[in-house]
Structure formats: C-alpha cells, structure tokens
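In: Need coordinates for the below:
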Amino acid sequence: MRWIQVLAGLVGVLAIVVIGLVIFVATLDLNSYKSEIEAAVAEATGRDLTIEGDLDLAWTPRPTLSTETVHFANADWGSRPDMATVGKLKVAVDVVPLLSGTLDVQHIALADVDILLERNADGASNWQLGGGTGGGTGGGAGDGGGGMTVPLMRSVELVDVVLRWKPAPDAEAQTVRINRLDLEAGEGNGPLDVTLEADVNGDPVTLTGTLPAVAEALRPGASLPIDVTGSIGAREIALATNLRYALGKDGGLASVEADRLSLTAEGVTVTGSASLALDGARPRLVADLKSDAVTLPEGGEDGAGDGLEAALPLALLGLVDAEIKLAVASLSADELSVTDIAATATLTDGTLRLDPVEAVLSDGRIEATATIAANEAVPTQALKASWTGADFGKLARTLHGSETLEAKGDAAVDLTASGASIRDMIASLAGTAWITTEDGKIANEDWELIAADLTTKFLPFLEGAARGTLNCAVGRWTLKRGVADTVALMIDSDRVTVGGEGTIDLARETLDMRLTPSPKDASLVSLATPILITGKIADPDIAPDPVAVAKGVGSLVGGAALAGPLALMLPFVSSGSTEPACAEAVAVAQGTKPMPSGGNAGATEQPGKPGGIKGLFDSLRKAVE
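Out: Take a look at the predicted model:
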C-alpha cells in the first residue's frame with residue numbers, strides 16, 4: 001500500500017537524521033568554539049575572557065556545559081591582572097525553550113572563585129564594563145548595555161568563593177569568604193530562596209530568606225524586596241527592606257535606596273530609610289533611622305587599658321560622606337538609661353559633626369554638639385554640652401543604690417582635644433567643666449564622712465536628723481593638657497562647709513586634692529581636719545593633712561597645762577562661718593561671675609600641699625591652720 005511506502009520513507013529519513021545527530025554529537029569539539037566565546041565576551045565587556053580548561057558537554061539528564069580555570073580580566077588600572085577567576089564552572093540549560101530562542105538556565109554552579117572589587121584614585125570601579133573592540137582589558141564605561149535579554153535563572157550554587165573589596169588603591173583589602181551560597185527560584189522567574197554560609201573578618205555568617213528574582217534584580221528602578229534572617233558570629237540578625245538602584249551615564253551603579261527598612265540585631269530593631277549615592281568623589285549616605293530601645297552590652301573587666309593606646313580608625317571617616325538622623329526612645333547601659341535621644345550626624349570630607357544632640361538623663365535635659373576632624377595631620381576633637389535640671393539623687397540611686405543624696409542641678413563641659421587614640425585625646429584635653437546643685441538633702445552619716453567632721457562620733461548627743469540640708473554643691477575646673485585644675489569646689493550644708501582645691505590628672509589617672517571643712521556652729525567642738533586625697537583615681541589614698549595636724553600637735557603641748565582637756569581640742573574648733581555663700585559659688589562655678597578678689601590668694605604651691613588654683617574660700621583653710 002502506498003501509505004506504507006510513505007511511512008517507511010519517513011522512518012528512513014528520521015533514522016538518517018538521528019544517526020547524523022549522533023555522529024555530530026560524538027564528533028563535536030566544543031573547544032573549537034572557545035575563541036569565538038572569548039571574542040564575544042570581549043566585544044560585549046571590553047575585557048578579556050580566557051578559558052584554560054576544556055569545554056565538555058553532557059546531554060543527560062539535561063544539556064550541561066562544564067569547564068575549568070576561567071579568567072576574567074581586570075580593569076587596566078587594577079591592582080592585579082584578573083578581576084575574577086573561576087576554578088570550576090557548570091551550566092545546565094533546558095532544551096525546549098531554546099527552540100523558541102529563550103535561554104532557560106536550570107542550574108549554574110561555580111567553585112573555587114576569587115573576585116576582586118576595587119576603586120581607583122579617581123573613584124572609578126573595576127566592575128564598570130563597557131563594550132570594546134575585543135581583546136581589551138580596559139575599565140572604560142559604556143552606555144549601560146540597554147537591550148540585553150536576561151536569561152531565566154532557576155538555580156545558582158556557589159562553593160568556596162573569596163570576595164575581596166578595596167575601596168581605594170592604598171586601602172587594605174577586606175575579605176569575605178563564601179563557603180556555600182544556594183539560590184533557588186520558585187515558579188517562573190520568581191523570587192530566590194537563599195541559603196548562605198560565609199565568613200566575614202573571622203566571624204561566621206549564616207543567612208536564609210528570599211531575594212529578588214534575577215530578572216528584576218537586573219532591572220534598574222525596580223522595587224526589590226529582601227527578607228532574610230541569620231547570624232553574624234553569635235549575633236542574631238534580621239533584615240527586611242525594599243531596594244531600588246539606578247545606573248549612571250557610564251553604566252555603573254549610581255545609587256541605591258532602601259525604604260521600609262527594618263534591621264534587627266541582638267534584640268535591637270532599627271527602622272527607617274537610607275540611600276547611598278555612588279556617583280561623587282566619595283559615596284554619600286543619607287539615612288533617617290529610629291529605634292524604640294537599645295541596650296548596650298555590659299562593660300568588660302578592668303584591665304583593658306591597652307585599648308586606650310590603640311589608634312582609632314579615624315581614617316575611615318574620609319571614605320564616605322553622610323547625613324544621618326537618628327532617634328532612640330531609650331538607650332540602656334548597665335543600670336543607666338538615657339531617653340528621648342535625637343541626633344543629626346553630618347560627615348563631610350573626613351570631618352564628623354554631631355549637631356544637634358539632645359537627650360534626657362536622670363530627668364535632666366542634655367544638649368550637645370561635637371566635632372571630629374580626621375582630615376588633619378593630627379585629628380582634632382571638640383565637645384560642648386550642657387545638662388540642665390538633672391536629678392543627681394536619682395542618678396546616685398540608679399548607679400549605686402545609694403540614698404545619700406536628694407538634689408537637682410546643672411552641669412556643662414566645653415572641651416577640645418587632639419590625637420588619634422583615646423589616651424592622646426585625654427592627655428590633650430583643654431577647656432572648662434562645671435557642676436552645680438542647690439536646695440537638696442544629704443544623709444548625715446555619709447556627709448560627716450565626706451566632711452571629715454567627727455564631732456558626732458565623739459559626742460553622740462549632738463546627732464540630729466538622719467538627713468541634713470544640702471544648701472549647695474559646686475565645682476568648676478579648667479583643663480589644660482589633660483589636667484583639671486580646681487577653680488571652685490564647695491559643698492555647703494546646714495552643719496558644715498567644705499572647700500576644695502587641687503588637680504586631677506586625667507592622663508595619668510591620679511588625684512592631688514585637699515578638702516578643708518569648716519563647721520558652722522563655733523560653740524561646738526569639731527574635729528574638722530583638712531583631708532588630702534592623692535594617688536590613683538581608682539584607688540586613692542585619703543589621709544589628714546600632715547601640715548595641719550603638726551600645727552595642731554604644737555598647740556596641744558602648750559594647751560594641756562593651761563586649760564586642761566578642753567584646751568587640747570582648741571586647734572580643731574572651727575571658726576564658725578555664717579554668711580551664705582551658695583549664690584556666689586554657683587555664679588562662679590557656672591562662669592557668670594569672676595572669682596572673688598582674694599579667692600586665688602596663696603595660689604603658689606606650698607610644701608606638702610596640692611598645687612593649682614586655690615578653692616573658692618581660702619578662709620576655710622585658714623580656719624583650721
């Protein structure tokens with residue numbers, strides 16, 4: 001029958017085609033196409049692609065192309081010849097979509113990869129690619145490529161990848177090691193499920209979540225949702241945001257924006273928005289961030305003094321410009337809590353300025369400005385801050401659980417410093433600092449220790465109420481080269497006034513202070529001996545002034561024969577100061593009134609006494625000497 005003859009002919013033709021395909025596949029030498037592939041990549045990117053290994057093709061279970069040792073050239077100004085090297089490469093595609101001209105990549109796997117991303121002195125990036133004429137290694141920029149068809153990407157597997165980042169030619173490369181990265185797309189060309197295991201600066205990093213589809217990620221201006229969770233070292237993190245990016249005229253990345261940003265790390269959540277512009281001399285970050293609560297980690301053990309000597313990474317301030325607004329409802333450190341924090345930070349050409357900074361601590365309002373200029377040969381710093389209406393009693397209870405004090409007051413600093421380490425900054429501190437408080441209460445037991453007034457220890461019937469009146473406490477210091485010199489130091493209560501003088505060496509962490517008490521009731525016998533406080537700030541030596549004690553002993557010898565036991569205590573009887581001095585002392589401390597004439601009398605150093613400017617009322621010293 002004729003149809004049988006036709007069918008037999010078709011079968012014969014198909015057999016010939018199949019045999020031909022088998023022969024073609026069996027004799028196909030993909031390596032003969034290597035030069036064409038390399039030339040096509042060079043034409044598209046302006047960079048050389050070198051395939052050292054053989055090109056192998058496996059047909060089952062799906063067509064898979066594999067090779068080894070692939071090099072992609074760096075920009076001609078780059079710090080090394082290759083921008084990227086790939087030890088092993090496999091690409092599996094779906095055959096059926098190819099019949100309609102669609103490249104559907106089912107799986108791509110790369111192993112033993114080394115990638116270098118860097119910028120030159122002019123700010124150009126080595127990932128900016130431009131069309132070339134083939135064989136070039138230039139880093140020139142093209143027009144962004146416009147009509148490239150993005151293939152469907154179903155699965156990506158990266159194993160043993162080293163990513164190096166050099167923000168400047170003389171900068172040390174920062175390294176990220178990706179042990180494994182798996183990306184799996186859902187139906188169609190949808191979002192990618194991501195699993196990452198990596199190492200960043202020695203800290204293990206794990207991430208899981210979703211990333212944008214490849215086609216969307218390669219489309220500038222598209223909204224790219226990101227939602228991942230994981231850990232960096234022992235710190236748990238979570239990130240959710242929508243990204244957008246734009247390309248510049250040269251086809252390079254010009255800007256990145258993140259809105260609906262939510263970042264959680266160690267239980268602290270920060271929300272807001274941020275953008276990063278990359279088309280200037282330096283990247284510029286603009287952010288508006290908020291957090292309801294931030295808890296700082298507890299302080300470590302003492303003995304980390306070496307950290308004071310280490311140079312701070314201030315040079316990093318010159319790598320980026322920024323304007324960041326930050327609002328934190330509550331910041332906790334140990335038992336201390338600072339609330340209603342609002343700050344604006346501006347970073348321009350290596351100079352960081354915090355202006356304004358506002359916060360509330362112990363019911364007192366803090367207002368401050370600060371500057372760090374890292375672009376100078378020797379970095380300089382400045383801080384100006386005020387603290388008004390502070391509840392010092394509340395602060396004492398918070399820090400020490402102490403009920404010693406009930407008082408409110410103000411404080412302020414106006415300081416400058418220089419240096420690249422904390423130790424250098426402390427040693428160069430200059431400026432003023434003051435603190436004042438009025439109309440408070442103080443526990444008599446603690447106050448008598450402070451005042452060195454031992455009267456009630458010997459005469460218990462003189463003990464009064466458990467708490468006495470604190471009329472005022474004031475202090476003002478001038479600082480120069482890290483040494484705080486006392487301008488005014490006075491504590492005044494209903495029982496006694498104490499004046500202070502001396503210095504505090506912040507760089508050496510030592511004290512050289514003298515406190516002189518003067519009880520107000522001249523009719524009462526009071527063992528009011530001046531006290532010297534010297535040595536290390538952390539563990540000071542506290543002892544009676546030997547000069548005052550020696551003078552007192554001489555009086556004892558002569559007085560014993562004249563007046564009996566009562567005369568033995570005459571050198572310790574206070575003169576009984578009665579005039580209220582708080583208003584004047586507060587004005588001097590706050591800098592609104594100069595030191596009273598004679599207040600600096602005897603400012604020259606005397607043997608056995610602290611140097612520096614005398615206390616506010618030198619008569620306190622004379623009363624017991």
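In: which residue ranges form the strands in the stretch 301-450 of the chain?
Out: Here the stretch 301-450 of the chain has its strands, by DSSP state E, counting those that start in this stretch, at 321-333, 336-348, 351-361, 364-373, 380-391, 405-418, 430-443.
In: Okay, and the beta partners of the residue nearest to Pro191 when sequence neighbours are not counted?
Out: Distances taken as C-beta to C-beta, 6 or more residues apart in numbering place Thr210 nearest to Pro191, at 4.7 Å, with adjacent residues excluded. Every C-beta, even on glycine, is put in place using the N, C-alpha and C of the backbone. Judged by DSSP bridges, the bridge partners of Thr210 are Asp193, Asp227.
In: do Ala109 as well
Out: Residues in beta-bridge contact with Ala109 (DSSP bridges): Lys90, Glu157.
In: Does the residue nearest to Pro191 touch Gly186 like I think?
Out: No. Using C-beta atoms under 8 Å, Thr210 makes no contact with Gly186, being 9.1 Å away.
In: In terms of packing, which of the two has more residues around it?
Out: Per other C-beta atoms under 10 Å, whichever of Thr210 and Gly186 has more neighbours is Thr210, with 16 against 12.
In: Tell me where the model's unsure across this protein.
Out: 1-29, 95-103, 130-151, 187-189, 298-307, 443-468, 521-529, 545-580, 596-625 (pLDDT under 70).
In: Put together CSV for the strands of the stretch 301-450 of the chain, with distance to Leu532 on each row.
Out: Conversion of the strands of the stretch 301-450 of the chain to CSV gives the following (distance: least, C-beta to C-beta, whole Å):
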stretch, distance to Leu532
strand 321-333, 33
strand 336-348, 31
strand 351-361, 32
strand 364-373, 32
strand 380-391, 29
strand 405-418, 24
strand 430-443, 22
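In: Dump those strands to a markdown table, plus mean neighbour count and distance to Val498.
Out: Formatted as a markdown table, these follow (neighbours: other C-beta atoms under 10 Å; distance: least, C-beta to C-beta, whole Å):
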| stretch | mean neighbour count | distance to Val498 |
| --- | --- | --- |
| strand 321-333 | 16 | 31 |
| strand 336-348 | 16 | 27 |
| strand 351-361 | 16 | 26 |
| strand 364-373 | 17 | 24 |
| strand 380-391 | 17 | 21 |
| strand 405-418 | 19 | 15 |
| strand 430-443 | 19 | 11 |
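In: Distance check, Gln174 against Val200.
Out: Applying C-beta to C-beta, to the nearest Å, the value for Gln174 to Val200 is 9 Å.
In: Ignore what I typed, I meant Arg47.
Out: For Arg47 relative to Val200 (C-beta to C-beta), the value is 28 Å.
In: Show me the helices in the stretch 1-150 of the chain, by range?
Out: 2-27, 34-45, 95-98 (DSSP state H, counting those that start in this stretch).
In: about what we covered before: residues touching the residue nearest to Pro191, list them.
Out: Contact analysis of Thr210 by C-beta atoms under 8 Å, 6 or more residues apart in numbering lists Pro191, Leu192, Asp193, Val194, Pro225, Ile226, Asp227, Val228.
In: Please pick the buried ones from these.
Out: Pro191, Leu192, Val194, Ile226, Asp227, Val228 (16 or more other C-beta atoms under 10 Å).
In: The last one reaches Thr195, doesn't it?
Out: To tie it back to what came earlier, the one meant is Val228. No. Checked against C-beta under 8 Å, the pair Val228 and Thr195 is beyond contact range at 10.0 Å.
In: shared neighbours of these two, which are they?
Out: Residues touching both Val228 and Thr195 (C-beta under 8 Å, 6+ apart): Leu207, Thr208.
In: which one of the buried ones among the contacts of Thr210 is nearest Asp288?
Out: Ile226 (18.8 Å; C-beta to C-beta).
In: was I right about that closest one contacting Ala213?
Out: No. Using C-beta under 8 Å, Ile226 is not in contact with Ala213; the gap is 11.9 Å.
In: hey, C-alpha coordinates of stretch 581-592 in CSV?
Out: Written as CSV, here are the backbone C-alpha positions of stretch 581-592 (Å, rounded to 0.1, in the frame of the first residue of the first chain):
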residue,chain,number,x,y,z
ALA,A,581,27.9,81.7,100.0
CYS,A,582,25.9,79.5,97.7
ALA,A,583,24.7,82.2,95.3
GLU,A,584,28.2,83.5,94.8
ALA,A,585,29.7,80.0,94.5
VAL,A,586,27.1,78.9,91.9
ALA,A,587,27.7,82.0,89.8
VAL,A,588,31.5,81.5,89.9
ALA,A,589,31.1,77.8,89.0
GLN,A,590,28.8,78.5,86.1
GLY,A,591,31.2,81.2,84.8
THR,A,592,28.7,84.0,85.1
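In: Name the residues of it that are buried.
Out: In stretch 581-592, counting by 16+ other C-beta under 10 Å, buried: Ala581, Cys582, Glu584, Ala585, Val586, Val588, Ala589, Gln590.
In: Quick one: residues contacting the fifth one.
Out: It stands for Val586. Per C-beta under 8 Å, 6+ apart, neighbours of Val586: Thr436, Glu438, Cys472, Val474.
In: That one - that's part of a helix, no?
Out: Yes. Counting by DSSP: H, G, I helix; E, B strand; the rest coil, Val586 falls inside a helix.
In: show me what contacts Thr478?
Out: Gly431, Thr432, Ala484, Asp485, Val487, Ile613.
In: Actually, Gly409.
Out: Per C-beta under 8 Å, 6+ apart, neighbours of Gly409: Ala390, Phe392, Ile435, Thr436, Thr437, Glu438, Ala473.
In: what's the neighbour count on Asp292?
Out: 12.
In: Can you give me the first-to-last residue distance of stretch 237-256?
Out: 21 Å (C-alpha to C-alpha, to the nearest Å).
In: I meant to write stretch 358-368 there.
Out: Stretch 358-368 end-to-end distance (C-alpha to C-alpha) = 7 Å.
In: so how far is that stretch from its chain's centroid?
Out: Distance, stretch centre to chain centre, for stretch 358-368: 21 Å (C-alpha atoms, centre = their mean, to the nearest Å).
In: again with stretch 402-422
Out: Taking mean C-alpha positions (C-alpha atoms, centre = their mean), stretch 402-422 and its chain are 21 Å apart.
In: Can I get the contacts of Val586 in TSV including distance to Ser79?
Out: As requested, the contacts of Val586 are exported to TSV (distance: C-beta to C-beta, whole Å):
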residue	distance to Ser79
Thr436	59
Glu438	65
Cys472	65
Val474	60
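In: At which residues are the helices of the stretch 201-350 of the chain located?
Out: 214-217, 306-309.
In: any idea which of these is most buried?
Out: helix 214-217 (a mean of 18; mean count of other C-beta atoms under 10 Å).
In: Give the other helices and strands that that one contacts.
Out: Packing contacts for helix 214-217, counted by 3 or more C-beta pairs under 8 Å, 6 or more residues apart in numbering; DSSP states H and E, involve strand 152-153.
In: Pairing partners for the strand it packs on, with directions?
Out: strand 104-118 (parallel).
In: Give the buried residues for the partner strand.
Out: 104-111, 113-118.
In: Adding distance to Arg508, write those residues out as a markdown table.
Out: Shown next, in a markdown table, are the buried residues of strand 104-118 (distance: C-beta to C-beta, whole Å):
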| residue | distance to Arg508 |
| --- | --- |
| Asp104 | 72 |
| Val105 | 67 |
| Gln106 | 70 |
| His107 | 66 |
| Ile108 | 63 |
| Ala109 | 62 |
| Leu110 | 58 |
| Ala111 | 57 |
| Val113 | 53 |
| Asp114 | 50 |
| Ile115 | 50 |
| Leu116 | 47 |
| Leu117 | 46 |
| Glu118 | 45 |
